[in-house]
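Engineer: return atomic coordinates for the entry below.
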Amino acid sequence: MAVVGLLVVIAEDEAALRNLVSEILRDRLGAEVRAAADGEDALRVLDTLRPHLLLLDLDMPRVHGLEVARRVRANPRLADLPIVAMSGWAAGEGALGAGCDAFLPKPFRAEALVQQIRALVGRPGAESA
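Structural biologist: Down below sits the predicted model:
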């Protein structure tokens with residue numbers, strides 16, 4: 001089932017994973033996806049957009065994912081933006097301590113990703129339907 005009007009920013013430095021997750025979000029949720037290849041790019045994208053969710057890799061070049069999360073939480077316009085952190089090496093406690101709402105250890109199953117996003121965003125756009 002698509003989540004109407006869902007806009008997700010995915011910040012992931014590994015192009016293959018970024019593309020795969022983007023495809024999953026489009027196919028399974030009908031989401032519009034904006035991609036960022038590193039933390040600095042993610043912050044730049046977030047300066048121009050107000051997505052419904054940020055999917056954030058923690059181990060990224062230029063600006064680490066935990067720093068991205070801290071900056072998002074410090075920005076009044078984005079402070080309530082749901083953030084799902086993902087990592088193949090980090091523990092979830094650090095992500096949650098930096099302000100992330102959820103943590104997905106890599107590798108993760110597509111269904112786990114979809115369920116986590118649905119739990120956090122519900123149905124954006126439903127209130128205007």
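Engineer: state the distance from Asn19 to Pro82.
Structural biologist: As defined by Cβ to Cβ, to the nearest Å, Asn19 lies at a distance of 22 Å from Pro82. Using the backbone N, CA and C atoms, a C-beta is placed for each residue, glycine as well.
Engineer: more neighbours: these two, which one.
Structural biologist: Pro82 (19 against 14; other Cβ atoms under 10 Å).
Engineer: for Ala119, which non-adjacent residue is closest in space?
Structural biologist: Spatially, and ignoring its direct neighbours in sequence, Ala119 is nearest to Ala102 (7.8 Å; Cβ to Cβ, 6 or more residues apart in numbering).
Engineer: how about Val68?
Structural biologist: Gly39 (4.6 Å).
Engineer: what residues are up against the one you found?
Structural biologist: With contacts defined as Cβ atoms under 8 Å, 6 or more residues apart in numbering, Gly39 is in contact with Ala11, Met60, Pro61, Arg62, Val63, His64, Gly65, Glu67, Val68.
Engineer: give me phi/psi at it?
Structural biologist: When quoted as degrees, to the nearest 10, the phi and psi of Gly39 stand at phi -60, psi -40.
Engineer: quick one: pLDDT of it?
Structural biologist: pLDDT, Gly39: 97.
Engineer: tell me how far it lies from Leu113.
Structural biologist: 20 Å.
Engineer: tell me if I am right that Leu54 is in a strand.
Structural biologist: Yes: with DSSP: H, G, I helix; E, B strand; the rest coil as the criterion, Leu54 is assigned to a strand.
Engineer: spit out the contact partners of it.
Structural biologist: When contacts are taken as Cβ under 8 Å, 6+ apart, Leu54 is in contact with Val8, Val9, Ile10, Ala11, Ala42, Leu46, Val68, Val72, Leu81, Pro82, Ile83, Val84.
Engineer: if any of these are buried, put those into a ChimeraX selection.
Structural biologist: Those of those that count as buried under 16 or more other Cβ atoms under 10 Å are selected in ChimeraX with:
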select :8,9,10,11,42,46,68,72,81,82,83,84
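Engineer: tell me which helix or strand the closest residue to Ala11 other than its chain neighbours sits in.
Structural biologist: Excluding its sequence neighbours, the residue lying closest to Ala11 (Cβ to Cβ, 6+ apart) is Ala42, at 3.6 Å. Assessed by DSSP states H and E, Ala42 sits inside helix 39-48.
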